[in-house]
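# Build me a model:
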Amino acid sequence: MRRAFTLIELLVVIAIIAILAAILFPVFVQAKVAARKTQSISNLKQIGLAVMMYTEDSDGYPHHSSPSSWNPRVRWADRIFQYVKTEEVFIAPNASLEVYGKKWAHNQNRTYGGYGINYQYLGNSRELAPNLPFAARDSEISHTSSTIVVADTRGVRRDNGTTSGGEYTIDPPLPSLRGSGKPSGYYGDGAECGSGPFGCRSTPAERHADRVAVAFADGHAKTFTLLQLDDYDGDGVLDNGWWNGSADPAKK
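Predicted coordinates:
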């Protein structure tokens, strides 16, 4: 005669399974976070290399976007797409759905977002004479391994946490002498801005265990904290050293 489990035995088995699940769940979560970080670094390496190839062929970095009168709009991702050929590379892992809002010029039925270009120093299409529009030349970026090209972005955020723009750009911590094309000195202005610490800035996003995935002008990619990206020399004072192409914390 087959013996059935007693209630106590079943409860013991359930308890053991619950304990194992409690032990393993954080491990699975950490593995998932690590996998997304690895994916983002891979994406940004491909994007960084694509920007390098575009710059070599075009003798300058891509504009962050075409004028609003163009239809369809052409943004930096559209300009380098021919070197990547994969739309998924431009979708940032761990990003919220609200930042996936930019339509491809070649495919208006598909969108991308979550990675932003260092548009103030590399290529800004906004009209602001005499400095803009412009596209930085190779020769203007003297320290390629220390110059941010593309990174995770949270865009510009209102006080209620919603994204109001900038989901394909990133701003330096201080307004640049190049200018942003807006009175605020950043990507956002007016109703787009929040009153918190980021204001009108299109800010890099710390999506990977409180770190930002970044591609540099020499094609390499790695993660930094936002504080590190905003303080090149580590003296506790905000500077644009990682952004301005010269690795000079004193230069705006």
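
# For S164, give me phi and psi.
Main-chain torsions, S164, degrees, to the nearest 10: phi -120, psi 0.

# hang on, isn't it packed against R154?
No. The criterion here is CB atoms under 8 Å, and S164 misses it with R154 at 11.1 Å. The C-beta positions use only the backbone N, C-alpha and C, and glycine is treated the same way.

# Who has more neighbours out of the two?
R154 (25 against 21; other CB atoms under 10 Å).

# what's around R158, how many residues?
15.

# again with Y186
Neighbourhood size, Y186 [other CB under 10 Å]: 27.

# Distance check, the residue nearest to it when sequence neighbours are not counted against A213.
Leaving aside its chain neighbours, Y186 sits nearest to C200 (4.1 Å; criterion: CB to CB, 6 or more residues apart in numbering). Distance, C200 to A213, by CB to CB, to the nearest Å: 23 Å.

# quick check: longest strand of this protein.
In the chain, with assignment by DSSP state E, the single longest strand is strand 148-157.

# in the stretch 101-250 of the chain, which spans are strands?
Per DSSP state E, counting those that start in this stretch, the stretch 101-250 of the chain carries strands over the ranges 102-103, 111-112, 115-117, 123-128, 132-135, 148-157, 163-165, 203-204, 212-216, 221-224.

# Pick the most buried one from those strands.
strand 115-117 (a mean of 30; mean count of other CB atoms under 10 Å).

# From the rest of the structure, what touches that strand?
43-44, 47, 62, 64, 76-77, 90, 92, 123, 149-153, 155, 166-170, 202, 204 (CB atoms under 8 Å, 6 or more residues apart in numbering).

# what residues are up against the nearest residue to D210 once chain neighbours are set aside?
In space, and not counting its chain neighbours, D210 is closest to T225: 6.4 Å by CB to CB, 6+ apart. Contacts for T225 (CB under 8 Å, 6+ apart) come out as 206, 210-212.

# Now rank those by neighbours and give me the top one.
V212 leads those on contacts (other CB under 10 Å) with 24 neighbours.

# residues near S139, how many?
Neighbour tally, S139, other CB under 10 Å: 9.

# all helices of the stretch 151-252 of the chain, in order?
With DSSP state H, counting those that start in this stretch as the criterion, the stretch 151-252 of the chain has helices at 226-229.
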